[in-house]
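>>> with the input below, show me the fold.
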Amino acid sequence: MTTKSLTLAAFVLAAASPALAQVTVEDTDADGSFSMQELQAAYPEMTVEVFAQIDVDQSGDVSEDELSVALEAGLLTE
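As a prediction, this is how the structure comes out:
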């Protein structure tokens with residue numbers, strides 16, 4: 001491999017790193033949704049206000065769909 005190829009490979013890997021570093025939210029009580037505490041473990045910046053925005057159906061928990069929408073909307077950063 002040439003120096004040019006190695007440099008290009010290093011650049012591609014460095015650029016891809018943020019996409020590969022995804023936050024994992026654990027459903028510790030296995031109820032199929034995420035509580036405020038479960039989300040705060042993955043997203044320490046989580047506030048009551050942001051949680052309320054994400055919990056669209058006001059169930060007190062965040063579903064996987066609600067979490068996906070919040071991530072796409074930029075309410076949480078990975």
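>>> so which elements touch whichever helix or strand residue 67 is part of?
Secondary structure assignment for residue 67, by DSSP states H and E: helix 64-73. Judged by 3 or more CB pairs under 8 Å, 6 or more residues apart in numbering; DSSP states H and E, the packing partners of helix 64-73 are helix 48-54. From N, CA and C alone the C-beta is placed, and that goes for glycine too.
>>> mind listing the helices for this protein?
With DSSP state H, the ranges of helices along the chain come out as 3-20, 36-42, 48-54, 64-73.
>>> worst average pLDDT in these?
Set side by side, the helices of the chain differ in mean pLDDT, and helix 3-20 is lowest with a mean of 45.
>>> just give me the neighbour total for residue 69.
14 (other CB atoms under 10 Å).
>>> please apply the same query to residue 45.
Residues near residue 45, counting by other CB under 10 Å: 8.
>>> cool, residue 41 as well?
16.
>>> tell me who's in contact with it.
25-26, 28 (CB atoms under 8 Å, 6 or more residues apart in numbering).
>>> for residue 65, same thing?
Going by CB under 8 Å, 6+ apart, the list of residues near residue 65 is empty.
>>> and stretch 35-48, end to end?
11 Å (CA to CA, to the nearest Å).
>>> my bad, stretch 49-59
15 Å.
>>> returning to that earlier point: in the helix holding residue 67, what counts as buried?
66-67, 70-71 (16 or more other CB atoms under 10 Å).
>>> distance to residue 44 for the residues you listed - can I get that in CSV?
Shown next, in CSV, are the buried residues of helix 64-73 (distance: CB to CB, whole Å):
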residue, distance to residue 44
66, 19
67, 16
70, 16
71, 16
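>>> hmm, back to that, send me the helix holding residue 67 as PDB with only the CA atoms.
Only the C-alpha atoms of helix 64-73 are listed here, as PDB (Å, rounded to 0.1, in the frame of the first residue of the first chain):
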ATOM      1  CA  GLU A  64     -38.400   3.200  20.500                       C
ATOM      2  CA  ASP A  65     -40.400   5.100  17.900                       C
ATOM      3  CA  GLU A  66     -40.500   8.200  20.000                       C
ATOM      4  CA  LEU A  67     -36.800   7.900  20.600                       C
ATOM      5  CA  SER A  68     -36.100   7.500  16.900                       C
ATOM      6  CA  VAL A  69     -38.200  10.600  16.100                       C
ATOM      7  CA  ALA A  70     -36.300  12.600  18.800                       C
ATOM      8  CA  LEU A  71     -32.900  11.600  17.400                       C
ATOM      9  CA  GLU A  72     -34.000  12.500  13.900                       C
ATOM     10  CA  ALA A  73     -35.300  15.900  15.100                       C
END
